Structure formats: C-alpha cells, structure tokens
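Novice: Give the three-dimensional model of this entry:
(one chain, ligands or ions: 2)
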Amino acid sequence: MKCRVIAVLGTRPEAIKLALVIDQLRRRSDEFDTAVIHTGQHRTMLDNALQLFKIKPDFDLDVMRPNQTLNSLTVRVLDTVENACRRFEPNMMLVQGDTTTAFASALAAYYSKIPVGHVEAGLRSHDIYNPFPEEANRRCVSVLTGIHFAPTALSRDKLLAEGVPNEQIVVTGNTVVDTLRALSNAPHSWENTPLQNIPTEGYRLILVTSHRRESLGADQEHMCLALKDLVAKHPDIRVIYPVHMNPNVRSTVNAILENTERIHLTEPLDYITFVSLLKKCFLVLTDSGGIQEEAPTFGKPVLVLRRVTERPEASMFGMSKIIGMSRESIVNETSALLTNQDTYLDMSEGDNPYGDGRASERIVEAVSRWFQGKTPLLDASQEFKLPPRSEQRRRKTDSVEIPVAAAAKAGGH
Ligand code: UD1
Ligand code: UDP
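Specialist: Numbering: from 1, shown residues only. Ligands and ions are numbered 1, 2, ... in the order given. I've put the predicted structure just below:
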C-alpha cells in the first residue's frame, strides 16, 4: 500500500521550501501518492515559484483577498483544506514553517485525525508578538504535529525543552538550502527583469527586503529614512529593494523612497533573479526568515531588521547581526560594514549553518520509515550536522553574548 501524502503551501517561502520535498516524494512514486494543496494565501508572489519548480497544485483554494485579515484568512483556509483532505484521504499532511496557511491547515488535519509532519519545526523567538503572528503560529503547529522536521540541533533542543519526545524529531537541515543548491548555478541574466536598467558597474549593491507585520508603520518609516541617510553618506552604493506586495508595506515604502537617487524600488523578483541578486550584492538588510537562511550560502553578511530572531545560528557564527529597526543603528551598522574591510570579511566567511542540501531527502526517508512503522525515523548518523567550518566559528564566538539577548538589551530602537 502506498503512503498518501498531502503537502500544503500558500505563500512564496512555503513553495520555495517545499519544492524539493514534493519533488522527492514524486520521484518515489512507487511508495508515495502525493497531492499538493495551494491555499492561494499568496497569488502572484507564489505562482512564479510554482511555475519555476513545475508544481501543479491538485487543489487551488484561492483564499487570498486584498489586505486580508488574519481571522478571515484563517477561517477560509480551515474550511477549504478540510474539503481537500476529505477528497484525497491522506495518511499524512506536510506543512511548512509558520504562516497562517501552515497553522490553519495543521489544525484542519488534526480535527480530521490526519497526522501532521511539520517542516522547519522548533524555531522559537520566545516572544509571541515578534514575529507576529508567526511565533504563535509555529508553536500551535508543534502541538498538532506528529513528526517534527527540525532544521538544526538548536531547533530540536527547543522542541525537547517543550516536552516533544525525541523519537518524534528528525534534524534535517533547512530545505531552502536544497533549493538554493539546485538552482544557484542556473545561468541568468537580468534582461527583461525589473533589474535590467539598474547601473551596477562601480557600485556596491545593498539588497533590502522587509514585510513583517510587527514592523509596519513607525519601524518601517525609520528603516526607509535610514536607507535615505545611507545613500547620502556613501556615494558608491545603490540600494535595490524588491517591495513586498502587502499594501501596508507598499504605502510607507513608496511614500518615503520613491524617486530617491540610487534607491531602486522594484516589484517582487522571480526566485532565480532574486538569487542572482543575492549573489551579486555586497550585503543584505532584511527582516525575512528565508533570506537570513540563504545569504550565508553566498557569504553575504546579513543585518537583520528585527529585535529578535528565531534563526540565531548565523549570528551565533558571526555571519549576521540583529540590529533592530532604529534609524541610527541601521545607518551605523551598515556604514561599519561599508567602511571596515576586516568587519566585512569576518562576517562573510563560513559555511551555511542552516543546511547541507539534503534536507528534503531526509524528510521523505523519515516519512517512508514512519509509514512502515520503523524506528528510529532516521538513524542519528544520517541527521544534519553543522559543517566543520561553522563549528570553528562557533568556538571563535563562544564568548560572545547570544544575539537574542543582545538585541533585547539594545531595545531595538
Ligand atoms: C505572509 C505570512 C508571513 C510570511 C510572508 C512571506 C502569515 C500571517 N504571514 O505574510 O509569515 O513571512 O507571507 O512573504 O501567514 N498580496 C498580494 N499578492 C500576493 C501576496 C500578497 O497582493 O501574491 C497582498 C494582499 O493584499 C494580501 C497582503 O499582501 O492581503 C498580505 O498577504 P498575507 O499573506 O496576509 O501576509 P504577508 O504579509 O504576505
Ligand atoms: N524572494 C524572492 N523574490 C523576492 C524576495 C524574496 O524570490 O523579491 C525569496 C527569497 O529568496 C526567500 C523567500 O522569497 O527564499 C523569502 O520570502 P519572504 O521574505 O517573503 O518570507 P519569509 O522567509 O520571511 O517568511
């Protein structure tokens, strides 16, 4: 008998992070019947990723509404996912991360007594309003989950501390590293992309993204003003800022930054173009979860536009820094990297601490073993381990205060 797996995605990062898991499941079609639910929480931003990875959803629930509220979105996902499950009758549902799609789908599965596998389990900031609502979403998903695919040893420790039995946790690495590795050598030009007319020769490119709900309003304004200060202070930089489609992000960013010299606001980039920009840029300013995990693959220092992060590995190894959202700290920290080569080089060395490109394979193998009733879900020797250079960096930074505490002390502003 085949194992019937239903994978749920709804936003851009879920498609990028589940693409190779779905691919692995489909490659093992002698063992798995696989279906994909696209909740449609994102429309345009996700459809590009689906095309790129050739994922044709079996169920398209079309839940997105302009400026949707969390409550109405949750209700629409709960309702529609239940119907899709009734039709497919899965043995397991796979959800990814901490979106409303992931949380509401896991709840719908639980109500139908369908076991849940949670990809990217165990991330915690320990502050339910930062990031909002993701910290609460992922904690709720953990309660509803049968198998926890923790990306790193740290995320396993967080789950163990909450009482999750060790036998239900598998340390896999983050699937985003699989996707990046699969695509990063794809040839790509910026012709016919929103980047095509940006003069890059002789400039250092600062890549900026931001979209977190907890930063909307005043924080977002401070960040935009800091970007203006930075281009005024450093004549050799250009800021490239693909603006998220959330209208609440767009209104602030456009009002403050439109028509600013050397600041280029663009539409969201397709994934291949985005990755090529990540490779080419000098440094990254972002509040994105996924981009924090991707940048170390290309040795790009990340300044994290948040007060806390649930992905502290890069900052533990000195490859990123949590700098909060104040205008002053954004200008100072970015200027330090632009003017001090040693600081820059120190942040740009080391292997990616989030994964080794084999997470999807481990996840699918563990689901297979679970379905056959085998234990352990994956042999400990097969789990993701930190790469040796990151271990070295850890030793080097052992005496440094942990980033979450440092950011909290700085108070963000
Ligand atoms: C969502 C996730 C967040 C994730 C982010 C990735 C929740 C609560 N939030 O945030 O965890 O980090 O996606 O980008 O699950 N919109 C469009 N077209 C699109 C996508 C969005 O127009 O393709 C606009 C719509 O007006 C929509 C709004 O953006 O109502 C907000 O989208 P939503 O999915 O609710 O929240 P995000 O801020 O995108
Ligand atoms: N990304 C993209 N185009 C863009 C901006 C981001 O393809 O213009 C990708 C990025 O490489 C990463 C993912 O989208 O894999 C992150 O999405 P986002 O920041 O929206 O969500 P988060 O990771 O914070 O949940």
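
Novice: was I right about Tyr241 contacting Arg262?
Specialist: No: using Cβ atoms under 8 Å, Tyr241 is not in contact with Arg262; the gap is 11.2 Å. No exception for glycine: its C-beta is placed from N, CA and C like everyone else's.

Novice: Does ligand 2 have contacts with whichever helix or strand Arg139 is part of?
Specialist: Element membership for Arg139 (DSSP states H and E) is helix 134-144. No: judged by Cβ under 6 Å from any ligand atom, helix 134-144 makes no contact with ligand 2; its nearest approach is 7.5 Å.

Novice: buried set for that helix?
Specialist: Glu134, Glu135, Asn137, Arg138, Arg139, Cys140, Val141, Ser142, Leu144 (16 or more other Cβ atoms under 10 Å).

Novice: That helix - contacts with which helices or strands?
Specialist: Judged by 3 or more Cβ pairs under 8 Å, 6 or more residues apart in numbering; DSSP states H and E, the packing partners of helix 134-144 are helix 100-111, strand 116-119.

Novice: is any part of the last one close to ligand 2?
Specialist: What that stands for is strand 116-119. No: against ligand 2, strand 116-119 shows no contacts by Cβ under 6 Å from any ligand atom, the least distance being 13.1 Å.

Novice: and that strand, which residues are buried?
Specialist: Val116, Gly117, His118, Val119.

Novice: Name the nearest residue to the residue minimising distance to the centre of the chain, ignoring sequence neighbours.
Specialist: Centroid check for the chain by Cα atoms, centre = their mean gives Gly290 as the closest residue, at 2.3 Å. Sequence neighbours aside, Pro13 is the residue nearest to Gly290 in space, at 4.6 Å (criterion: Cβ to Cβ, 6 or more residues apart in numbering).

Novice: contacting residues around the helix or strand where the one you found lies?
Specialist: According to DSSP H and E, Pro13 maps onto helix 12-27. The contact list for helix 12-27 (Cβ atoms under 8 Å, 6 or more residues apart in numbering) reads 5, 7-9, 32, 34, 36, 42, 45-46, 49-50, 52-53, 55, 94, 96-97, 99, 101-102, 119-120, 174-176, 178-179, 182, 268, 271, 288-290, 359-361, 363-364, 367.

Novice: Just to be sure, Lys321 is in a helix?
Specialist: No: Lys321: not assigned to a helix; according to DSSP: H, G, I helix; E, B strand; the rest coil it is strand.

Novice: Was I right to think it contacts Met347?
Specialist: Yes: if you go by Cβ under 8 Å, Lys321 and Met347 touch, sitting 7.5 Å apart.

Novice: any common contacting residues for these two?
Specialist: Pro301.

Novice: Looking only at neighbour counts, state which of the two leads.
Specialist: Neighbour comparison, Lys321 and Met347: the larger count goes to Met347, with 24 against 20 (by other Cβ atoms under 10 Å).

Novice: Tell me which helix or strand that one sits in.
Specialist: Per DSSP H and E, Met347 falls inside helix 341-348.

Novice: Convert the C-alpha atoms of that helix to PDB, please.
Specialist: Written as PDB, here are the backbone C-alpha positions of helix 341-348 (Å, rounded to 0.1, in the frame of the first residue of the first chain):
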ATOM      1  CA  GLN A 341      37.000  45.600   5.500                       C
ATOM      2  CA  ASP A 342      38.000  43.400   8.400                       C
ATOM      3  CA  THR A 343      34.500  43.500   9.900                       C
ATOM      4  CA  TYR A 344      33.100  42.700   6.400                       C
ATOM      5  CA  LEU A 345      35.400  39.800   5.800                       C
ATOM      6  CA  ASP A 346      34.800  38.400   9.200                       C
ATOM      7  CA  MET A 347      31.000  38.300   8.500                       C
ATOM      8  CA  SER A 348      31.400  36.800   5.000                       C
END
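
Novice: need the residues of the protein near ligand 1, please.
Specialist: Contacts of the chain with ligand 1, taken as Cβ under 6 Å from any ligand atom, map to 11-13, 41-45, 64-68, 70, 73, 98-100, 133-134, 211, 245-247.

Novice: In strands, which of those appear?
Specialist: The members of those all map outside strands under DSSP state E.

Novice: Any of these buried? List them.
Specialist: Buried members of those, scored by 16+ other Cβ under 10 Å, are 11-13, 41-42, 45, 64, 73, 98-100, 133-134, 211, 245-246.

Novice: Let me see the backbone angles for whichever residue of the stretch 101-250 of the chain sits closest to ligand 2.
Specialist: In the stretch 101-250 of the chain, the residue that lies nearest ligand 2 is Pro242 (3.5 Å; Cβ to the nearest ligand atom). Backbone torsions for Pro242, taken as degrees, to the nearest 10, come to phi -70, psi 120.

Novice: Tell me, what's the model's pLDDT at it?
Specialist: pLDDT, Pro242: 98.

Novice: circling back: surely the residue nearest to the centre of the chain and Thr179 touch.
Specialist: No: under the criterion of Cβ under 8 Å, Gly290 is not in contact with Thr179, lying 9.5 Å apart.

Novice: just to revisit the earlier point, among the contacts of helix 12-27, the buried ones, what's the PyMOL command?
Specialist: Only the buried entries of the contacts of helix 12-27 go into this PyMOL selection, using 16+ other Cβ under 10 Å:
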select buried, resi 5+7+8+9+32+34+36+42+45+46+49+50+52+53+55+94+96+97+99+101+102+119+120+174+175+176+178+179+268+271+288+289+290+359+360+361+363+364+367
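
Novice: Give me the neighbour count for Glu333.
Specialist: Using other Cβ under 10 Å, Glu333 is surrounded by 21 other residues.

Novice: How about the secondary structure of it?
Specialist: helix.

Novice: Tell me how far it lies from Met347.
Specialist: 11 Å (Cβ to Cβ, to the nearest Å).

Novice: Any stretches of the stretch 301-413 of the chain with poor pLDDT?
Specialist: Applying pLDDT under 70 to the stretch 301-413 of the chain flags the ranges 389-413.

Novice: Tell me which residue of it lies closest to ligand 2.
Specialist: Residue nearest to ligand 2 within the stretch 301-413 of the chain (Cβ to the nearest ligand atom): Arg311, separated by 9.6 Å.

Novice: Just the pLDDT for the nearest residue to Glu258 once chain neighbours are set aside.
Specialist: Nearest non-adjacent residue to Glu258, counting by Cβ to Cβ, 6+ apart: Leu265, 6.6 Å away. As predicted, Leu265 sits at a pLDDT of 98.

Novice: Leu265 contacts His244, correct?
Specialist: No: checked against Cβ under 8 Å, the pair Leu265 and His244 is beyond contact range at 11.0 Å.
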